[in-house]
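Novice: attaching a predicted model along with its sequence, questions to come.
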Amino acid sequence: MTYQKEPSEEMRLEFLHSLTILDTAQDINLDRIVTLCRQIFDVPVADISLIDRDRQWLKSEQGLGISETSRKDSFCTITIEEDRVFEVSDALLDPLVSENPYVVGEPHIRHYMGAPITIAGFRIGALCIMDFKPHEKRTKNERDILCGLADVVAREIYLQHLLREAIPVVLSVATTTSMSTGTGTVVSEGTGVTTTTGVGTTTTTGTGTTTTTGTGTTTSTGSGTTTTVGTGMTTSTGTGTTTRTGEGTTESMTEGLEVTTTNDADEAKKASKKKPKSKD
Amino acid sequence: MNLEKFKVRGFIVEPYFQLYQNLDDPKAMSGELLTRLENGDSAYEVISQLTIVEHLELLEWLIHNSNQLMKNFGLHCSMNIDNNIVIEPRTRDEFLRISEMSERTTTFEFTETHAMPGAADANKLFRRLRDQGHSCALDDFGTGLNGMTLLTDYDFDIVKVDRALTIDIETRPEKLKVISLLNEMISALNKSHVVEGVETKEVYDLLITAGFRVFQGYLLDKPIPISELNVSQLLKEQR
């Protein structure tokens, strides 16, 4: 069995590694979904497989008793080649997998169905079910259910990643003088040092030093020193020194000196100028 | 092996035990296995100068003590690991060989104030410790900037919140709010916590309102020399 190396494979691996999920502990919610898969499809084996460079690592696994295999022996590496469900009704009759060591040897897998787990456009792995006996072709409804559950897995993994990312932001605020923190829409207005940290829509209006850190839409308006750090849509309007760091859509309006602008998108770097408005 | 004394570089180190208070499980009987010098002073200075081989010997001695505490009192021990032990793959394997001798449910604490191996390697190590039945804790969380990536990228089971994060929460309500949010985030990530350095009733009460449930500190239980431990005393300590 071989897998097709896409041009974006390095980026896919880099993204997977940035999630820092490989080799982490079992997760109760992901385990629930794997249990559901076994129940819905009435099979002995289900797992969440993440495709690393040379191995598949199982974040959640039921029915096989293994935690990883080499990538070349993995069914799921075939699944992530394309954006569709990959199904094997009888492995012995399917030339793609009939030579697979887990088919010809223990535990003699005969049936497989997997749906890609896609985050930010990267197929990081697959949610799959397996059986030791062949199975007639799955219905469209069954394939849709597996895809739906794979999307839930993707979102759960992504949300947990975002939550971990947000913790340092919360922590940094623990040492700041005046601030408001929240989840959802967070707005704060102040004179002097104004700091806002939020997940969701975060807005800060201040005179003096204004700092806004947010995940989601982040807006900061200030006269004096204005600092905005955001993931997602980041807007910063300031008179005086304006610093903005953003990932995603970034908008900035500055009168005065714009000190640093770090942005992941190169276009935004170019577009960010001192003049009234730059947008990407 | 003399469980009561560990001799190294002309110093004698003795084992102490400090019980945690767990509001969700008052009978939890877990705490930290600590070390002190013979005169009661901190052994930190001496221990921080040890070589990796000496650290591994100390660890083996601690594990024997910990197993004894489990056997005699049903106590679950948490112990500090010098990060240097796990930086190199070779000594990491040696560490795993020794940790294997430990009773299940031992917790190994890695401090955030020293360098750790990369997240990928560390998570593999934690996974193997978990397979042995143990847990991994991030010690002194909040004392350094390192702690940020240690919490985001490293798969610790337990976060030991340093006093640095809880100091003056009685005079700064906004800090209490942040600590409370931090606690919720730690729980949302399925991690447990222990708040270290709880020394006053006022701070203790505020930490409870912030949602914390497991505490370690002089206010609640002092470290006791292991030779002076007895069951009735521990039961009395439990509120």
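Specialist: Looks like it came in fine.

Novice: flag the shaky bits of the chain, pLDDT-wise.
Specialist: Defaulting to chain A. Applying pLDDT under 70 to chain A picks out residues A:1-7, A:174-280.

Novice: try again with chain B
Specialist: Using pLDDT under 70, chain B drops low at B:144-148, B:231-239.

Novice: neighbours around the closest residue to chain B within chain A, how many?
Specialist: Nearest residue of chain A to chain B (Cβ to the nearest Cβ) works out as residue A:168 at 3.6 Å. Placement of C-beta: from N, CA and C, glycine included. Applying other Cβ atoms under 10 Å in any protein chain shown, we find 17 residues neighbouring residue A:168.

Novice: that one in helix, strand or coil?
Specialist: Following DSSP: H, G, I helix; E, B strand; the rest coil, the label given to residue A:168 is helix.

Novice: surely it is in contact with residue B:152?
Specialist: Yes. Between residue A:168 and residue B:152 there is a contact at 6.3 Å, judged by Cβ atoms under 8 Å.

Novice: quick one: the residue of chain A closest to chain B from residue B:185, how far?
Specialist: For residue A:168, the distance to residue B:185 equals 10 Å [Cβ to Cβ, to the nearest Å].

Novice: same question, residue B:41
Specialist: Distance, residue B:41 to residue B:185, using Cβ to Cβ: 37 Å.

Novice: those two: which has the busier surroundings?
Specialist: Shown here are residue B:41 and residue B:185; by other Cβ under 10 Å, residue B:185 has more neighbours (20 against 11).

Novice: who's in contact with the more buried one?
Specialist: Contact analysis of residue B:185 by Cβ atoms under 8 Å, 6 or more residues apart in numbering or on different chains lists A:163, A:166-167, A:170.

Novice: scan those residues and report the most crowded one.
Specialist: Going by other Cβ under 10 Å, residue A:170 tops the contacts of residue B:185 with 23 neighbours.

Novice: pull out the buried residues from the lengthiest helix in chain B.
Specialist: Using DSSP state H, we find that the single longest helix of chain B is helix B:52-73. The neighbour-count check on helix B:52-73 (16 or more other Cβ atoms under 10 Å in any protein chain shown) flags B:52, B:54-70, B:73 as buried.

Novice: same check on stretch A:107-125?
Specialist: Quick answer for stretch A:107-125 (16+ other Cβ under 10 Å): A:109-119, A:122-125.

Novice: next: stretch B:44-54.
Specialist: Across stretch B:44-54, burial judged by 16+ other Cβ under 10 Å covers B:46-47, B:50, B:52, B:54.

Novice: likewise for stretch A:60-72?
Specialist: Buried positions in stretch A:60-72, judged by neighbour count with 16+ other Cβ under 10 Å: A:60-64, A:68-69, A:71.

Novice: let's have these in JSON lines, adding distance to residue B:113 and secondary structure.
Specialist: Output for the buried residues of stretch A:60-72, formatted as JSON lines (distance: Cβ to Cβ, whole Å; DSSP: H, G, I helix; E, B strand; the rest coil):
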{"residue": "A:60", "distance to residue B:113": "34", "secondary structure": "strand"}
{"residue": "A:61", "distance to residue B:113": "36", "secondary structure": "strand"}
{"residue": "A:62", "distance to residue B:113": "40", "secondary structure": "strand"}
{"residue": "A:63", "distance to residue B:113": "43", "secondary structure": "coil"}
{"residue": "A:64", "distance to residue B:113": "41", "secondary structure": "coil"}
{"residue": "A:68", "distance to residue B:113": "33", "secondary structure": "strand"}
{"residue": "A:69", "distance to residue B:113": "38", "secondary structure": "strand"}
{"residue": "A:71", "distance to residue B:113": "38", "secondary structure": "helix"}
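
Novice: now do stretch B:111-125: everything it contacts.
Specialist: A:17, A:20, A:22-24, B:80, B:82-84, B:86-87, B:89, B:92, B:96, B:110, B:138-141, B:143-144, B:146-147, B:149-150, B:153-155.

Novice: from those residues, which land in helices?
Specialist: A:17, B:84, B:86-87, B:89, B:92, B:96, B:147, B:149-150, B:153.

Novice: let me know the helix or strand that the residue nearest to residue B:211 when sequence neighbours are not counted is in.
Specialist: Of all residues not flanking residue B:211 in the chain, residue B:183 sits nearest, at 4.5 Å (Cβ to Cβ, 6 or more residues apart in numbering or on different chains). In this structure, residue B:183 sits in helix B:173-188 according to DSSP states H and E.

Novice: same thing with residue B:136?
Specialist: Secondary structure (DSSP H and E) places residue B:136 in strand B:135-141.

Novice: mind listing the strands that strand pairs with, and their directions?
Specialist: strand B:107-111 (parallel), strand B:158-161 (parallel) (DSSP bridges).

Novice: check whether the helix or strand that the last one is followed by comes near chain A.
Specialist: What that stands for is strand B:158-161. Proceeding N to C from strand B:158-161, the next assigned helix or strand is helix B:163-166, under DSSP H and E. Yes. Counting by Cβ under 8 Å from any Cβ of the partner chain, contacts between helix B:163-166 and chain A involve residue B:165.

Novice: hey, C-alpha coordinates of helix B:163-166 in CSV?
Specialist: Output in CSV follows, covering the C-alpha atoms of helix B:163-166 (Å, rounded to 0.1, in the frame of the first residue of the first chain):
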residue,chain,number,x,y,z
ARG,B,163,1.6,31.0,44.9
ALA,B,164,2.7,33.6,42.4
LEU,B,165,-0.7,33.4,40.8
THR,B,166,-2.7,33.6,43.9
